[in-house]
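Peer 1: Sequence plus the predicted model coming up.
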Amino acid sequence: MKEIKSVKSLLEMDLYIPEYQRPYKWTDKNIVDLLCDIDNALYDAEKYKNFNYRVGTIILHNDPEKENNKYGIVDGQQRIISLLLLQVYLDKSSVCGLLSFHFTDKITQANIHNNFHFIKDWFALKTPEYKEKVKNALENILEVVVISVSKEAEAFQLFDSQNTRGKPLYPHDLLKAYHLREMKNYPYEMQHAVTKWEAVKTKEIKELFELYLFPIRQWTSCNKSFNFSANDIDVYKGIDENSHYTYAKRANKAMPYFQITESFIAGNDFFEMVEHYLKMLSDVKNEINTNNNHSEINKWLENKKAKSSSGFSFAKNLFFCAVLCYYDRFRNFDEQVIKKLFSWAFILRVDMSSLGFDSINKYAIGENEGRYTNKIAMFSKIYNARLHREIANMKIEIKRDPDNAASENWEELYKNLKELNGY
């Protein structure tokens with residue numbers, strides 16, 4: 001059976017958590033996201049008549065063999081417990097079967113305790129009127145799709161289909177949805193943004209974030225990069241256009257001038273930012289590939305034998321990240337800078353007999369375990385440079401001791417790097 005219920009009605013059901021369920025693992029970060037969603041729902045409810053906000057789908061198993069018509073939670077445990085904590089805080093007289101459930105798992109106990117206190121702290125500075133609005137929203141605005149089945153096998157089958165059906169939502173898909181929602185007051189701009197977004201191949205947008213924007217942002221702060229996931233999208237949620245923070249006002253005045261390391265105004269500027277960096281990345285690659293001043297560099301970048309090496313591909317991407325970071329800041333393709341950045345990125349390939357992404361991560365932020373010829377936090381250095389010649393005049397160590405590549409496969413690359421740098 002499938003029905004739409006208010007959150008309050010859902011919580012009043014006689015729910016229990018089956019033994020097979022994993023611990024409750026939501027943290028304060030998840031609670032913040034939930035509370036912000038509710039805040040957005042309240043905002044929309046004031047503008048639109050009969051507005052309802054759907055907070056998810058819940059799958060329940062109604063076991064006819066259990067007494068008192070109990071419902072086991074198959075999917076939605078994390079959200080249900082979090083909403084229950086909110087309901088209990090706002091209304092101490094709340095009724096729910098889960099309130100009498102005995103949670104024995106230590107992780108669950110700790111997260112319930114921490115999240116309840118976080119909710120309490122969140123509302124400490126809110127007005128009584130706001131608290132009443134949220135309490136009312138649980139009954140009249142926030143709703144869930146509740147699917148209940150009588151056979152446990154059907155519940156698991158439904159759970160699998162719910163969670164595997166269709167294409168997965170990538171982080172950039174979630175960001176698209178978030179920023180479109182921020183544009184709800186600008187329907188025409190929203191339409192134009194969607195048109196431009198859909199004109200670009202999904203793979204190109206995915207790679208822009210995964211291979212360039214997110215790593216550059218991480219390395220600039222001297223933090224290691226990792227797979228860009230849904231947990232990292234806050235970095236690109238931008239700033240509310242009505243924010244009165246000083247940095248928000250500064251960002252507002254800066255638009256449409258973007259910097260990879262800086263935030264932007266939420267909504268349409270996100271789509272402008274993506275388009276901006278897709279074009280810039282194309283310009284950077286075109287410059288390296290077609291400018292005769294970089295012909296020696298391009299010979300290596302297009303070397304078929306070298307391109308078959310994953311380690312070479314890592315070094316190549318590191319090089320293009322460095323050039324993109326530099327061009328984003330200084331808007332020139334200084335020949336000396338390109339040579340320095342190429343030498344810096346590819347001497348690492350020479351240094352390592354086997355090059356993996358862990359070494360790229362350490363190298364990019366200036367870590368050195370004694371195996372790397374250079375120890376330069378390149379992205380931080382570019383970010384903090386006032387003039388582009390600070391990068392052009394930077395010293396890159398090329399000559400190794402002993403004077404050979406770590407692997408004979410890269411001896412020719414080592415030789416060419418030395419020639420490129422006047423050895």
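Peer 2: Thanks, I have the structure now.

Peer 1: thought Leu301 was touching Ile288?
Peer 2: Yes - using C-beta atoms under 8 Å, Leu301 makes contact with Ile288 at a distance of 6.8 Å. Every residue, glycine included, has its C-beta placed from N, CA and C.

Peer 1: all strands for this structure, in order.
Peer 2: 2-6, 15-16, 53-62, 71-75, 142-149 (DSSP state E).

Peer 1: any idea of the mean pLDDT in the second one?
Peer 2: Pointing back at strand 15-16 there. Regarding strand 15-16, the rounded mean pLDDT is 87.

Peer 1: Partner strands of it and their direction?
Peer 2: strand 71-75 (parallel) (DSSP bridges).

Peer 1: List the contacts of Phe228.
Peer 2: Pro171, Phe209, Glu210, Phe214 (C-beta atoms under 8 Å, 6 or more residues apart in numbering).

Peer 1: For Glu19, give its distance to His102.
Peer 2: 12 Å (C-beta to C-beta, to the nearest Å).

Peer 1: By mean pLDDT, point me to the weakest helix or strand of the chain.
Peer 2: helix 152-164 (a mean of 53; mean pLDDT, DSSP states H and E).

Peer 1: Domain ranges for the protein, per the record?
Peer 2: 2-164, 171-274, 291-420 (automatic domain parsing).

Peer 1: Could you check how far the second one is from the centre of its chain?
Peer 2: Going by C-alpha atoms, centre = their mean, to the nearest Å, the spacing between the C-alpha centre of domain 171-274 and its chain's C-alpha centre is 10 Å.

Peer 1: distance between the ends of it?
Peer 2: 13 Å (C-alpha to C-alpha, to the nearest Å).

Peer 1: which one of the domains of the chain has the lowest average pLDDT?
Peer 2: domain 2-164 - the lowest mean pLDDT of those, at a mean of 84.

Peer 1: Could you check how far that domain is from the centre of its chain?
Peer 2: With C-alpha atoms, centre = their mean, you get 25 Å for domain 2-164.

Peer 1: which one is Ala41 nearest to, not counting chain neighbours?
Peer 2: Tyr53 (3.6 Å; C-beta to C-beta, 6 or more residues apart in numbering).

Peer 1: State the number of residues packed around the one you found.
Peer 2: Look at Tyr53: counted by other C-beta atoms under 10 Å, it has 16 neighbours.

Peer 1: now do Tyr257
Peer 2: Per other C-beta under 10 Å, the neighbour tally for Tyr257 reads 10.

Peer 1: Check the gap between it and Ala251 for me.
Peer 2: Tyr257 is 10 Å from Ala251, by C-beta to C-beta.

Peer 1: is it true that His200 touches Leu278?
Peer 2: You called it His, but residue 200 is Val. Yes - contact criterion C-beta under 8 Å: Val200 and Leu278 qualify, at 6.5 Å.

Peer 1: If you count surrounding residues, which of the two has more?
Peer 2: Legend: neighbour count by other C-beta under 10 Å for Val200 and Leu278, higher for Leu278 (17 against 13).

Peer 1: Spit out the contact partners of Tyr327.
Peer 2: Taking C-beta under 8 Å, 6+ apart, one finds Met280, Asp283, Val284, Phe333 in contact with Tyr327.
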